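Enquirer: sequence and computational prediction follow.
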2 protein chains.
Amino acid sequence: MATLKDVAKETGLTVSTVSRVLNNRGYISEETRKNVYAAMKKLNYHPNEVARSLSKQTTNTIGVIVPHIRHPYFAELISNLENEAYHHKYKIILMNSQEKNEKELEYLEMCTSNRVSGVILCSGNVAVEEFSGLNVPLITIERYLENGTATVECDNLQGGRLAAKHLIEQGCKNLIHLSGVHETAMPADSRAAGFRETCIAKGIHYKEIATSAFQYNTLEYHDFIENLLLENPKTDGIFASSDLIAAQIIQVCYKMGISIPDQLKIVGFDDVNIASLTTPRISTIHQPIKEMAKMSIELLIHASEGALVASRTTLPVTLVKRETT
Amino acid sequence: MATLKDVAKETGLTVSTVSRVLNNRGYISEETRKNVYAAMKKLNYHPNEVARSLSKQTTNTIGVIVPHIRHPYFAELISNLENEAYHHKYKIILMNSQEKNEKELEYLEMCTSNRVSGVILCSGNVAVEEFSGLNVPLITIERYLENGTATVECDNLQGGRLAAKHLIEQGCKNLIHLSGVHETAMPADSRAAGFRETCIAKGIHYKEIATSAFQYNTLEYHDFIENLLLENPKTDGIFASSDLIAAQIIQVCYKMGISIPDQLKIVGFDDVNIASLTTPRISTIHQPIKEMAKMSIELLIHASEGALVASRTTLPVTLVKRETT
């Protein structure tokens, strides 16, 4: 493989001049710059980023840890994080923890050893003290972490309120909220609080039913939903904590002959592609995933430059009415 | 940050002994090993993988370039690639090309500069000669590339045959195949060939209609499908080249009052999560995505170790009958 010396020799310049061109340092004439790039191309020379990283003590790499890649919410989030990182000339190392504690720890060690510029954690089983060894910014998305640098979340409380308000306005009298995983405290729990508060204020009968970590990991809710509807035949409105669950409610209703939205109305959460691909399409609470990703990357970069950043950022949500209400 | 010297001082061992423990080289007593790890934990010492990479001239990193992260097929593929790479102690750097030529080139340059162990390319706009500078294995998935190391694909020809055969067996007389993007030659084109061949052999009327790169990039087909069904009212069976398109056909039929599967039958392709989340659920051709990911990572690692690997590997597909046929 060609070296910096070969490029210098080819152009008749000194190694330090070629190095200045590559690092964009000091005054370099346009002609010199062109000559250096032409020689690089001719000799097939590629600067060694690994060596540069070692001397700079940073890698322009961000470790992104998610619990699922296949879940449409995380696929959407990863896509936006990658896009935003790209604009700032950062690379994404993607890690799928599957919510397994030992895998998250291993990934954190990997991030430290590989001198990433920062970590974005969207997966939340790791104990707080495990992060003390991490000397780079740690941004969490929709997860709490006491000693993280910053948390970015959507307004989950408002989301729960909007969902309940909409279902009640559409005439629902017997509501159910299928809430998230209950073993761990998460920002998403506020969805239930907002929903509950609104039902109580309007005097509407409601039930709150928690889903399990097992269901979250397998993405499978059909039997659970069927039993729920059999046990609660008066239910006329459901607020599901994800569009993925809402899609499965539609399927179960189809099988059971329950007409949507006539007999049962549904509001999902997230507004990912699945919400627009079901029949009928899902009315849902829109999470500003793109803006949350942008904010997370910016916070990470600012914090890595030593700036003081907001420890908690909440972005607003909106109701998107489609065909299930 | 603690250094190797600090660990040596803490344990009373020499730097070279500590280094031997970390690199698992030569005989080390269990007690010494324990002492070293205890000291590392106490001092919060993390070996610098960047420095190690520089001396080893490899990074245990794989560059994965996809055209979309949000597309359910690629989300599924990325998830499986990450999982397989993890088992081999490799990291994934994820890059979203959006099928843009200049972005793919930039990513390739990034892969070279960062001394990745290999590249997995699932995005196909780059001209062949651009890859000549890449001195590591290049594995393509469902993409042709003349000077790549290896290609992994599913049996697209067989997939087209199975889809046509199934629709004909279900009584369809007027078939349409919505084929892939036509500007670039891709393995997926064989789906159309298998479909065509079977229709001709069985004497069944068929039409083949190409979708556009614009549609592929925006993931939006509704108006296109509606016009298609208005112009071809006799159509009673559609073979769509992805589950994503199949899901949108279901939505358009719902809007137009066409009953599925009574009036129109649909077979998709891929068998990603969306196929099981629509109502009705989509009958589709199952691509063995998990096995394709496993094969790709293994080929990459073998090739990077200097082994001669199969230049083309085709994995079988199967028909999964659900509710649209």
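Expert: Nice, I can see it. As the structure is a prediction and not an experimental result, all values here were calculated from the model. Numbers count the residues shown, from 1 in each chain, chains lettered A, B, ... in the order given.

Enquirer: can we go C-alpha only for contacts and neighbour counts from here?
Expert: Noted.

Enquirer: which residues of chain A score low on pLDDT?
Expert: A:1, A:24, A:50, A:52-58, A:124-133, A:182-184 (pLDDT under 70).

Enquirer: how far away is A:Asp271 from chain B?
Expert: According to CA to the nearest CA, to the nearest Å, A:Asp271 and chain B sit 13 Å apart.

Enquirer: dump the residue contacts of that residue.
Expert: A:243, A:284-287, A:320 (CA atoms under 8 Å, 6 or more residues apart in numbering or on different chains).

Enquirer: ok, 10 Å please
Expert: By CA atoms under 10 Å, 6 or more residues apart in numbering or on different chains, A:Asp271 lies in contact with A:72-73, A:242-244, A:282-289, A:318-320.

Enquirer: among the residues you listed, which one has the most neighbours?
Expert: When neighbours are taken as other CA atoms under 10 Å in any protein chain shown, the top entry among those is A:Thr284 (32 neighbours).

Enquirer: can you tell me how far the nearest residue to that one once chain neighbours are set aside is from B:Lys290?
Expert: If the residues on either side of it in the chain are set aside, A:Thr284 comes closest to A:Gly268, at 4.3 Å by CA to CA, 6 or more residues apart in numbering or on different chains. From A:Gly268 across to B:Lys290, the span is 29 Å (CA to CA, to the nearest Å).

Enquirer: okay, the two: which has more neighbours?
Expert: Neighbour totals were compared for A:Gly268 and B:Lys290, and A:Gly268 leads with 27 against 16 (other CA under 10 Å).

Enquirer: follow-up on the earlier one: mind listing what the residue nearest to A:Thr284 touches?
Expert: A:163, A:178, A:238-247, A:275, A:282-286, A:319-320, A:324.

Enquirer: again with A:Ser283
Expert: A:163, A:166, A:239, A:243, A:246, A:265-269, A:271, A:275-276, A:319-325.

Enquirer: can you tell me how far it is from chain B?
Expert: Distance from A:Ser283 to chain B, by CA to the nearest CA: 15 Å.

Enquirer: beta partners of that residue?
Expert: A:Val267 (DSSP bridges).

Enquirer: what about the nearest residue to A:Arg322 once chain neighbours are set aside, distance to A:Pro187?
Expert: In space, and not counting its chain neighbours, A:Arg322 is closest to A:Ser283: 4.4 Å by CA to CA, 6+ apart. Look at A:Ser283 and A:Pro187: by CA to CA, they are 22 Å apart.

Enquirer: that older thread, in helices, which of the contacts of A:Gly268 fall?
Expert: A:163, A:243-247, A:275 (DSSP state H).

Enquirer: give me the subset of those residues touching chain B.
Expert: For chain B, the contacts drawn from the ones in helices among the contacts of A:Gly268 by CA under 10 Å from any CA of the partner chain are A:244-247.

Enquirer: looking at those residues, spot the one nearest B:Thr140.
Expert: A:Leu244 (30.9 Å; CA to CA).

Enquirer: OK, contacts around the closest one?
Expert: A:Leu244 makes contacts with A:71-73, A:219-221, A:268-275, A:282, B:273-274, B:277, as judged by CA under 10 Å, 6+ apart.

Enquirer: distance of A:Pro280 relative to A:Phe269?
Expert: 15 Å.

Enquirer: what of A:Leu157?
Expert: A:Leu157 is 12 Å from A:Phe269, by CA to CA.

Enquirer: which neighbours do those two share?
Expert: Shared contacts of A:Leu157 and A:Phe269, defined by CA under 10 Å, 6+ apart, comprise A:191, A:317.

Enquirer: look at the two and report which has more neighbours.
Expert: Taking other CA under 10 Å, A:Leu157 and A:Phe269 do not tie; A:Phe269 has more neighbours (29 against 20).

Enquirer: quick one: which helix or strand includes the more buried one?
Expert: strand A:265-270 (DSSP states H and E).

Enquirer: give me the nearest residue to the residue in the stretch 151-300 of chain A that chain B sits nearest to, chain neighbours excluded.
Expert: Using CA to the nearest CA, the single residue of the stretch 151-300 of chain A nearest to chain B is A:Thr278, 5.1 Å away. In this structure, A:Thr278 finds its nearest non-sequential neighbour in B:Thr278, 5.1 Å apart by CA to CA, 6+ apart.

Enquirer: again, but for A:Ile245
Expert: A:Tyr221 (6.8 Å).

Enquirer: thought the one you found was touching A:Ser242?
Expert: No - under the criterion of CA atoms under 10 Å, A:Tyr221 makes no contact with A:Ser242, lying 11.5 Å away.

Enquirer: residue contacts, whichever residue of chain A sits closest to chain B?
Expert: Distances between chain A and chain B by CA to the nearest CA are smallest at A:Ile93, namely 4.5 Å. Residues near A:Ile93 by CA under 10 Å, 6+ apart: A:61-65, A:82, A:111, A:116, A:119, B:61-63, B:91-95.

Enquirer: which SSE is immediately downstream of the strand or helix carrying it?
Expert: Element membership for A:Ile93, per DSSP H and E: strand A:91-96. The helix or strand immediately downstream of strand A:91-96 is helix A:101-113, counting by DSSP H and E.

Enquirer: how near is the residue nearest the centre of chain A to B:Asn83?
Expert: Nearest residue to the geometric centre of chain A (CA atoms, centre = their mean): A:Leu77, 3.9 Å. For A:Leu77, the distance to B:Asn83 equals 18 Å [CA to CA].

Enquirer: what about the residue found closest to A:Glu99 once you drop the neighbours it is linked to in the chain, neighbour count?
Expert: Distances taken as CA to CA, 6+ apart place A:Pro67 nearest to A:Glu99, at 5.0 Å, with adjacent residues excluded. Neighbour count of A:Pro67, defined by other CA under 10 Å: 21.

Enquirer: ends of stretch A:20-27, how far apart?
Expert: 9 Å.

Enquirer: what are the buried residues along that stretch?
Expert: Across stretch A:20-27, burial judged by 16 or more other CA atoms under 10 Å in any protein chain shown covers A:Val21.

Enquirer: please apply the same query to stretch A:108-121.
Expert: Neighbour-count burial for stretch A:108-121 [16+ other CA under 10 Å]: A:108-121.
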